[in-house]
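> output the structure for:
(one chain, ligands or ions: 2)
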Amino acid sequence: MALRKPSDRLVYPRRFTSCGEQLDSMEIPWPNSLAVRTESVSRHYQMGESLVRAVDGISIDIPAGEFVALLGVSGSGKSSLLNLVAGLDRPTSGAVIVHGNNLAALSREQLAKYRLHTVGMVFQSFNLISSMSLLENVELPMRFAEVNRRERSALACRSLERVGLSGRLSHRPMELSGGEQQRASLARALINRPKLLLADEPTGNLDSRNGTEIMELIHSFNQSLGMTVLMVTHEQALAERYAGRMVHLADGKLLDDVANDDESKISSEPVQAPAPRGETQ
Ligand code: ADP
Ligand code: MG
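Ligands and ions are numbered 1, 2, ... in the order given. Model prediction:
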């Protein structure tokens, strides 16, 4: 492992800084090679008398195509930071810029489009809708994107195939194992071919075999589609095995940021989607 050198700072026109000026465009001069930049970003919560500094002045750059693991003990601010990058929450101060879009400058509608087209998200608890079949769950983002029924169904089918679930299209989430549910939520996250995959403890509810399958899939999408991955985990071993870089948080602050030279331990060959298991196939 080698300590990461801070990259050169970009110079923006002043209207694009995080100082709250009126922005007349959401596009900023931006190198294609950079996916995410956070500039001294903070998210504080006022809880009665006390102020919780969940994220406290974090600046990081994530080049496009990188696989970054966000590590830290429970309560260190990992999910809060991920939610800011996802556009699910707004910073108290500082800026989050993703592929040239300063999220603070986006209207609610633009932010919804950003979440629909630029990012895919996977959570520890899968977040599938229990009353819907897998196919319906996976095609949901396409419904929001107003893609016609036939096309979205075909895309959802292909996305489920990529994660080895083509035999489970009409199953409901409850009829599947945890690993299968997480693969389905990965299929849903990927259906719009996002540039950025954000994963919050995606293996947290899985046994090690299913966890490894999910990690192999995420890694293969990172390699074969060039998709940038920002993954929260508290499992150092997983991060060391799959991530190219490890960012540690403590008390909402950046503790360290190291390149992981050991990532070469896994093959860069695209993985086969796991074969469907069990008799419900
Ligand atoms: P992690 O994902 O690393 O476990 P979180 O980002 O969830 O940490 O939380 C960081 C800190 O912020 C914790 O102290 C947590 O209690 C607090 N926190 C998170 N979300 C909220 C919220 N909506 N309101 C108040 N405090 C919050
Ligand atoms: Mg969390």
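> need the residues of the chain near ligand 1, please.
Applying Cβ under 6 Å from any ligand atom, one finds that the chain approaches ligand 1 through 45, 47, 52, 54, 72, 74-80. All C-beta atoms are positioned from the backbone trio N, CA, C, and that covers glycine.
> let's see 5 Å
In this structure, the chain approaches ligand 1 at residues 45, 52, 54, 74-80, judged by Cβ under 5 Å from any ligand atom.
> redo the residues you listed as CSV? Include neighbour count and secondary structure.
Output for the residues of the chain next to ligand 1, formatted as CSV (neighbours: other Cβ atoms under 10 Å; DSSP: H, G, I helix; E, B strand; the rest coil):
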residue, neighbour count, secondary structure
Tyr45, 12, strand
Val52, 15, strand
Ala54, 23, strand
Ser74, 7, coil
Gly75, 14, coil
Ser76, 22, coil
Gly77, 24, coil
Lys78, 26, helix
Ser79, 21, helix
Ser80, 25, helix
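> what segments of the stretch 151-281 of the chain are helices?
Under the criterion DSSP state H, counting those that start in this stretch, the stretch 151-281 of the chain carries helices at the ranges 178-190, 208-225, 236-242.
> and the longest one, average pLDDT?
I take that to be helix 208-225. Confidence over helix 208-225, taken as the mean pLDDT, stands at 93.
> measure how that helix sits relative to helix 178-190, angle-wise.
Calculated by axes from the mean of the first three to the mean of the last three Cα atoms, to 10 degrees, helix 208-225 forms an angle of 20 degrees with helix 178-190.
> returning to what we had before: can you tell me which of the helices of the stretch 151-281 of the chain is most buried?
When you average the neighbours per residue for each of the helices of the stretch 151-281 of the chain (mean count of other Cβ atoms under 10 Å), helix 178-190 leads with a mean of 25.
> quick one: contacts of that helix?
Helix 178-190 is contacted from outside by 120-123, 126-128, 134, 137-138, 140-141, 156, 159-160, 162-165, 168, 173, 176, 197, 202-203, 205-207, 209-211, 213-214, 217-218, 221, 274, using Cβ atoms under 8 Å, 6 or more residues apart in numbering.
> distance of the residue lying farthest from the centre of the chain from Gly75?
Ranked by distance from the centre of the chain (Cα atoms, centre = their mean), the top residue is Glu49, with 33.1 Å. Distance, Glu49 to Gly75, by Cβ to Cβ, to the nearest Å: 19 Å.
> try Leu206
22 Å.
> then Arg188?
From Arg188 across to Gly75, the span is 28 Å (Cβ to Cβ).
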